[in-house]
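> Following is a predicted model, sequence given first.
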Amino acid sequence: MLTFDDSFVRELPGDPLQGPERRQVHGALFSRVSPTPVSAPHLIAVADEVVEALGLDPAWVKTPEFTAVFAGNALLPGMQPYSANYGGHQFGNWAGQLGDGRAITLGELITPSGARHELQLKGAGPTPYSRTADGRAVLRSSIREFLCSEAMHHLGVPTTRALCLVGTGDAVVRDMFYDGRPAAEPGAIVCRVAPSFIRFGNFELPASRGELPVLKLLADYTLRHFFPGLVAEALADDRARYGALFHEVCVRTATTVAHWQRVGFVHGVMNTDNMSILGLTLDYGPYGWVDNFDPGWTPNTTDAQGRRYRFGHQPQVAYWNLTRLAGALLPLVGHEDPLHEGLEAFVRTFEQDDRAFTAAKLGLAKLGADDEPLLTELRAVLVEGEMDMTIFYRRLAELDLAAPSPTVLADCFYDDAKRVAVEPRLNQWLAGYVARAHSEGAPTTDPVARAARMNAVNPLYVCRNYLAVEAIERATAGDYSGVTGLLDVLRRPYMPQPGREAYAARRPEWARNRPGASMLSCSS
Ligand code: AMP
Ligand code: MG
């Protein structure tokens, strides 16, 4: 018997109306709505670690009841399904009410140890927030969310999790490339899991409408359930507590984005409605993984023009998003100073974490201001040589500091001409790097210790876009082993897995400009 709580609907103001009829919902943080049943649910994949973390019985996972529940065809006792009401800034513009257009929270599972896990179905049918859309999700985007949330967790990046992926047996029509050629695709539902899916946008919406009592209730709820340390702290008053909440969100967001830069993850659509108040990576849509290092790359076709969400710009966007959250919290905090301090803490934390990660990636004990030229030059070399980011850092760990040679880096390159052209510059960088490493002495220069430290932060296996494409293509043809196989590789991203070298390979040529591999639309 599983124990479910319903604190969000119990403690916060809700919409008096029920059901999925589209509407603007004022003065309320959610609407009660049930998943719409699907015709032929079938379980595609399960994340065993999440099953265990939730304290679920692995035997139950194999039953038709499990599949029915996570397809939205059945509810368990204690589940009080609802969709959350939130707004957001999309591509820099206020977009008004958005809400869970296709996400329905089933309930808050309380584990025997007392941990709270919100279980949410994505693609479970229409809600009051679906606007003109159908509330469903296609198999390809659901596979991408399922795989990447688990991959990020195993990489050590704060993220929402995914329990399972269920096929619905119903077709969903999507115009994948926005070119007026809609096609039917298989539908699917991901059950995602997090302590909470509250976003910056949940605060922005009531703030934008001047609904201060609602805003305050949400902030108090968030503090009470997810920041108990701040509630216990002796602070002058409530205002100070809301300031402390903002500060904590800034710090967490900074750390998460520093991790993104470490592993080469590009979120692709960092709208404020996709920013978690818990600092988790949230909403895996048109995200991508950097193959050849390029700070200017964005995977999102909708973003191709302004490239607002490009790899190298993510820290700045996170900061800007935090300024939107600050604006929403201002009426509660009452004063701008604590909010400015929070933003400063973001900058400090990001710089600190980013510097520590970069030092570790390079096998150095620490980086100082003097090292800036070395880092700037490295980025320029990687771009000019069109070198694979992930492979570069793994191979760098094999560099013999006593006799450095660029041959260890041979398989980083996508283009022979660029490899030849960049070689003198690369050699020069390597010489500077080796000298810098020697300046630290042992243990930095000890080859075994050095490789071990570098390989602990530089993943060997990441959820490369083309790997996901291959898994998706096989799954669309009915063979789900590509999904479970890739998930299994991504479970141990830092450890060489004999026989699975192909998963660590460079992006193949066919995927260079292939839609779905190098370019993704928001259509999902
Ligand atoms: P997402 O890509 O799920 O983050 O969606 C962006 C916004 O559009 C959110 O407000 C979603 O709820 C909404 N949305 C996206 N796709 C659908 C869909 N198929 N049905 C209903 N709402 C959707
Ligand atoms: Mg979203």
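That came through fine. Residues are numbered from 1 along each chain as shown. Ligands and ions are numbered 1, 2, ... in the order given.
> Longest strand in the protein, please.
Secondary structure assigned by DSSP state E gives strand 161-174 as the longest strand of the chain.
> Can you name every helix or strand that that strand contacts?
strand 42-46, helix 48-53, helix 64-70, helix 139-155, strand 183-194 (3 or more CB pairs under 8 Å, 6 or more residues apart in numbering; DSSP states H and E). (Glycine included, C-beta is placed from N, CA and C.)
> In JSON lines, list the ones you listed along with distance to residue 80.
Converted to JSON lines, the helices and strands packed on strand 161-174 look like this (distance: least, CB to CB, whole Å):
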{"stretch": "strand 42-46", "distance to residue 80": "24"}
{"stretch": "helix 48-53", "distance to residue 80": "21"}
{"stretch": "helix 64-70", "distance to residue 80": "14"}
{"stretch": "helix 139-155", "distance to residue 80": "24"}
{"stretch": "strand 183-194", "distance to residue 80": "16"}
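> Of these, which is nearest ligand 1?
helix 139-155 (8.0 Å; CB to the nearest ligand atom).
> And ligand 2, is the closest one touching that?
No - judged by CB under 5 Å from the ion, helix 139-155 makes no contact with ligand 2; its nearest approach is 10.6 Å.
> Average pLDDT for that helix, rounded please.
Mean per-residue pLDDT for helix 139-155: 98.
> ok so, going back, deepest of the helices and strands packed on strand 161-174, which one?
Most buried of those, by mean neighbour count (mean count of other CB atoms under 10 Å): helix 139-155, with a mean of 25.
> Spell out which helix or strand contains residue 89, please.
Assigned by DSSP states H and E, residue 89 belongs to strand 87-90.
> Could you name the helices and strands sitting against that strand?
strand 93-97, helix 200-208.
> okay, now the residue of the stretch 101-250 of the chain found nearest ligand 1: neighbour count?
Residue of the stretch 101-250 of the chain nearest ligand 1, by CB to the nearest ligand atom: residue 101 (2.3 Å). Neighbours of residue 101 under the rule other CB atoms under 10 Å: 18.
> likewise residue 305?
Residue 305 has 9 neighbouring residues, counting by other CB under 10 Å.
> distance of it from residue 500?
According to CB to CB, to the nearest Å, residue 305 and residue 500 sit 38 Å apart.
> Likewise for residue 159?
For residue 159, the distance to residue 500 equals 23 Å [CB to CB].
> Which one's more surrounded, the two?
Under the criterion of other CB under 10 Å, the comparison of residue 159 against residue 500 puts residue 159 first, with 25 against 15.
> Out of the helices and strands packed on strand 87-90, which gets nearest to residue 524?
For the helices and strands packed on strand 87-90, the distance to residue 524 is smallest for strand 93-97, at 17.5 Å, taking CB to CB.
> where along the chain do the strands fall?
3-5, 30-32, 42-46, 82-84, 87-90, 93-97, 103-110, 116-122, 161-174, 183-194, 265-266, 288-289.
> In this structure residue 159 contacts residue 192, no?
No - judged on CB atoms under 8 Å, residue 159 makes no contact with residue 192 at a distance of 9.7 Å.
> Residues that sit against both of those two, list them.
Here residue 159 and residue 192 have residue 149 as joint contacts, going by CB atoms under 8 Å, 6 or more residues apart in numbering.
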